[in-house]
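1. Task: produce atomic coordinates for the following.
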Amino acid sequence: MTSEERKHRLAQYLQKAEFASLEELAAQAEVSVSTVRRDLTVLESEGLIRRTHGGARLVAPQTDEFAFTARDTHQLDEKEAIGRACAELIRPNQSVIIDAGTTVYHVARYLEPKTPQIVTNSLPVANLFAGAGKVEVVVSGGVIYPRLGVLVGPLAVEAFSKMHADVAIMSAGGITLDGLTNSHGLLIDIQLAMMRAAAKVIMCLDHTKFGRRSVTPLSGLEEIDTIVTDNAAPTELVEGLRAKGIEVIVAPSA
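-> Next up, the predicted model:
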């Protein structure tokens, strides 16, 4: 593969993923990380991408598909129902990891009465509790990715690798009987660290995520304990997940 072909492949991948780690890009181009760094330097000089700590991001994404504010307007009723149902699973004073998904944000809105200790890489979640005197919030380090309202990169991964929590409340881009997927490689690294840090993993997934496969594999089903979804989730897949030993809670509609 020539240098131009390699740079074209990297640019195409970033068009889909919007941001990615150096390791992820190296795997896509089938070259070393040092070679990817040189290619990214050229792409940055052409104004196509911007280097970040540990990766690169698209300068001008073509859509707002992954913007937090845009995504949070989708399936609002379902997210609220899931948020209430998931919050009921949390016991008072538990330590809770919360990821950067919009559905999980709706869980966070119902957690204050439980006086939890929150650990998160989500700026919207951190801001939600900024004035809440009864909730202790720990925010991971990392690079701010404004469109997602999330902290990403090696510092964020390291923060979660040094923690332990009672519960991790998370989301994903899709779920099938083969496992979970998500949209970005940098999120995958952080989410895996969150899973390892928690005694129990709860996935909050609205019905649109069922049967869907996103760009990057996240984990097998064996990594999760409970799924909370809405009443439009496909019955066949819900029963298939239960048959694999996963607790699936279907939130009642408002």
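2. which intervals of the stretch 1-150 of the chain have sub-threshold pLDDT?
-> Low-confidence segments of the stretch 1-150 of the chain, defined by pLDDT under 70: 16-18, 60-75.
3. ok, which stretches of it are strands?
-> Remark: strands assigned in the stretch 1-150 of the chain by DSSP state E, counting those that start in this stretch are 19-21, 49-52, 55-58, 95-98, 117-120, 136-139, 143-145, 150-152.
4. Would you reformat these as a markdown table and include distance to Phe210 and mean neighbour count?
-> Yep, even glycine has a C-beta here, placed from its N, CA and C like the rest. Below are the strands of the stretch 1-150 of the chain laid out as a markdown table (distance: least, Cβ to Cβ, whole Å; neighbours: other Cβ atoms under 10 Å):
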| stretch | distance to Phe210 | mean neighbour count |
| --- | --- | --- |
| strand 19-21 | 26 | 27 |
| strand 49-52 | 32 | 19 |
| strand 55-58 | 28 | 24 |
| strand 95-98 | 22 | 26 |
| strand 117-120 | 25 | 23 |
| strand 136-139 | 31 | 16 |
| strand 143-145 | 27 | 18 |
| strand 150-152 | 24 | 26 |
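5. How far away from the center of its chain is the longest helix anywhere in the chain?
-> Counting by DSSP state H, the longest helix found in the chain is helix 3-17. Relative to the chain's own centre, helix 3-17 is displaced by 23 Å; criterion: Cα atoms, centre = their mean, to the nearest Å.
6. Report the buried residues of it.
-> For helix 3-17, the neighbour count (16 or more other Cβ atoms under 10 Å) marks Arg6, Lys7, Arg9, Leu10, Ala11, Tyr13, Leu14, Ala17 as buried.
7. I'd like those residues as CSV, with distance to Arg212 appended.
-> Converted to CSV, the buried residues of helix 3-17 look like this (distance: Cβ to Cβ, whole Å):
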residue, distance to Arg212
Arg6, 30
Lys7, 30
Arg9, 25
Leu10, 25
Ala11, 25
Tyr13, 20
Leu14, 22
Ala17, 16
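8. if we can go back for a sec, residues making contact with the longest helix of the chain?
-> Around helix 3-17, the neighbours that count as contacts under Cβ atoms under 8 Å, 6 or more residues apart in numbering are 1, 20, 24-25, 28-29, 31, 35-36, 39-40, 42-43, 48-49, 56-58, 62, 183-185, 215-216.
9. repeat that with 6 Å
-> With contact meaning Cβ atoms under 6 Å, 6 or more residues apart in numbering, helix 3-17 is reached by Leu25, Gln28, Ala29, Asp39, Leu43, Leu48, Ile49, Leu58, His184, Val215.
10. With stretch 181-194 instead?
-> For stretch 181-194, contacts defined as Cβ under 6 Å, 6+ apart pick out 17, 20-21, 24, 55, 97, 152, 156-157, 160-161, 168, 172-174, 213-218.
11. one step back: just the CA coordinates of the longest helix of the chain, formatted as PDB?
-> Extracted C-alpha coordinates of helix 3-17, given in PDB (Å, rounded to 0.1, in the frame of the first residue of the first chain):
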ATOM      1  CA  SER A   3       1.600   6.400   1.300                       C
ATOM      2  CA  GLU A   4      -1.300   8.000  -0.600                       C
ATOM      3  CA  GLU A   5      -3.500   4.900  -0.400                       C
ATOM      4  CA  ARG A   6      -2.700   4.700   3.300                       C
ATOM      5  CA  LYS A   7      -3.700   8.300   4.000                       C
ATOM      6  CA  HIS A   8      -6.900   7.800   2.000                       C
ATOM      7  CA  ARG A   9      -7.800   4.800   4.100                       C
ATOM      8  CA  LEU A  10      -7.100   6.700   7.400                       C
ATOM      9  CA  ALA A  11      -9.200   9.600   6.200                       C
ATOM     10  CA  GLN A  12     -12.000   7.300   5.200                       C
ATOM     11  CA  TYR A  13     -12.000   5.600   8.500                       C
ATOM     12  CA  LEU A  14     -12.100   8.900  10.400                       C
ATOM     13  CA  GLN A  15     -15.000  10.000   8.200                       C
ATOM     14  CA  LYS A  16     -17.000   7.100   9.700                       C
ATOM     15  CA  ALA A  17     -15.600   7.100  13.300                       C
END
